[in-house]
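S.K.: one predicted model, sequence on top.
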Amino acid sequence: MSKRSFIIPAISALTAFTQSNFFKDIQLVDKFEQLEEIKPKSSKNIVQESRYLPDGRIKLSNAERFILAGVSGISSFLHPEVGYNINNFGEATAIEPILRSMRDNMLLSESGRRILKERPLLNNETVDPEWLKTLPKNTLGYQYHKFTKDGDERAPVKFIEDEELAYVFLRYRQIHDIAHILMSSNITLAGELPVKAFEFGNTGLPMTGLATFAYFKLSPKRKEKVHMIDSLLSGLRATPLYTVYWEKLMERDLDDIRKEVGVVN
């Protein structure tokens with residue numbers, strides 16, 4: 001079956017689904033920051049309100065999670081430039097056993113336990129960019145500043161109900177740029193794919209593995225330059241990056257860090 005014959009029915013089904021009342025609820029979820037302005041007008045609305053946790057996270061049923069994963073997954077494939085599709089897909093497919101395994105890996109190391117206790121947020125508000133740019137050029141801090149000078153904000157987690165596991169996923173999301181830096185990968189599709197393969201080996205998160213199928217969208221010439229299997233194996237061998245307290249390593253030499261965590265550049 002040709003790609004066209006597959007995509008057209010999928011788009012038709014997606015279009016029909018988006019007309020349903022249930023999808024309108026999902027659209028409302030994507031605009032959760034506006035929910036405080038919506039006043040409950042009936043007992044049904046009061047019941048619905050219980051789905052929203054105080055920090056803005058949202059409880060989903062298994063059926064809703066499945067549908068959100070399907071819709072956001074198709075949307076991510078068709079429009080990878082739209083960030084919220086990828087964010088929703090990542091969270092909808094982040095099954096609890098994988099997140100608990102990541103949490104348990106963090107508990108095995110001193111730095112991981114400290115991260116879970118202190119809940120650091122890696123961004124330009126907590127790590128001073130003015131200080132980072134004064135560091136030697138081959139330090140993690142200088143390279144982080146260079147890589148994120150246009151912004152390093154990551155979306156808050158919305159669809160993971162357990163508060164601790166939500167932070168674990170947020171930690172993975174916030175250190176995504178660190179993986180790029182360690183692997184010397186840019187933010188093009190050809191640069192993103194080996195990072196996703198590495199992350200799949202390093203975390204086991206389903207979204208990172210499914211994202212690697214975008215490899216088949218590359219031209220034959222670009223495919224020759226992207227080594228997906230090597231990146232996957234590197235991720236399997238490396239220290240789980242989400243267990244490392246990167247905020248404490250900004251002054252360290254990048255090559256030394258690569259050797260310590262086992263990332264092959």
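M.R.: Cool, the structure landed. Keep in mind that this is a model prediction, so the values were computed, not measured.
S.K.: so which elements touch the helix or strand in which Val195 is found?
M.R.: Element membership of Val195 [criterion: DSSP states H and E] is helix 189-203. For helix 189-203, the packing partners by 3 or more C-beta pairs under 8 Å, 6 or more residues apart in numbering; DSSP states H and E come out as helix 176-183, helix 206-211, helix 228-237. From N, CA and C alone the C-beta is placed, and that goes for glycine too.
S.K.: out of these, flag the one nearest Pro194.
M.R.: helix 228-237 (3.9 Å; C-beta to C-beta).
S.K.: surely Leu135 is within a helix?
M.R.: No. Judged by DSSP: H, G, I helix; E, B strand; the rest coil, Leu135 forms no part of a helix; its state is coil.
S.K.: you'd agree it is up against Lys146?
M.R.: No. Using C-beta atoms under 8 Å, Leu135 makes no contact with Lys146, being 10.4 Å away.
S.K.: okay, those two: which has more neighbours?
M.R.: Leu135 (17 against 12; other C-beta atoms under 10 Å).
S.K.: quick one, what contacts that one?
M.R.: Gly141, Tyr142, His145, Met250, Glu251 (C-beta atoms under 8 Å, 6 or more residues apart in numbering).
S.K.: in TSV: these, plus pLDDT and secondary structure.
M.R.: Below are the contacts of Leu135 laid out as TSV (pLDDT from 0 to 100; DSSP: H, G, I helix; E, B strand; the rest coil):
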residue	pLDDT	secondary structure
Gly141	96	helix
Tyr142	96	helix
His145	93	helix
Met250	96	coil
Glu251	96	coil
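S.K.: which two of these have the greatest separation?
M.R.: His145 and Glu251 (12.3 Å).
S.K.: so for the helix holding Val195, mean pLDDT?
M.R.: In this model, helix 189-203 carries a mean pLDDT of 94.
S.K.: got the buried residues for that helix?
M.R.: For helix 189-203, a neighbour-count test (16 or more other C-beta atoms under 10 Å) marks 190, 192-203 as buried.
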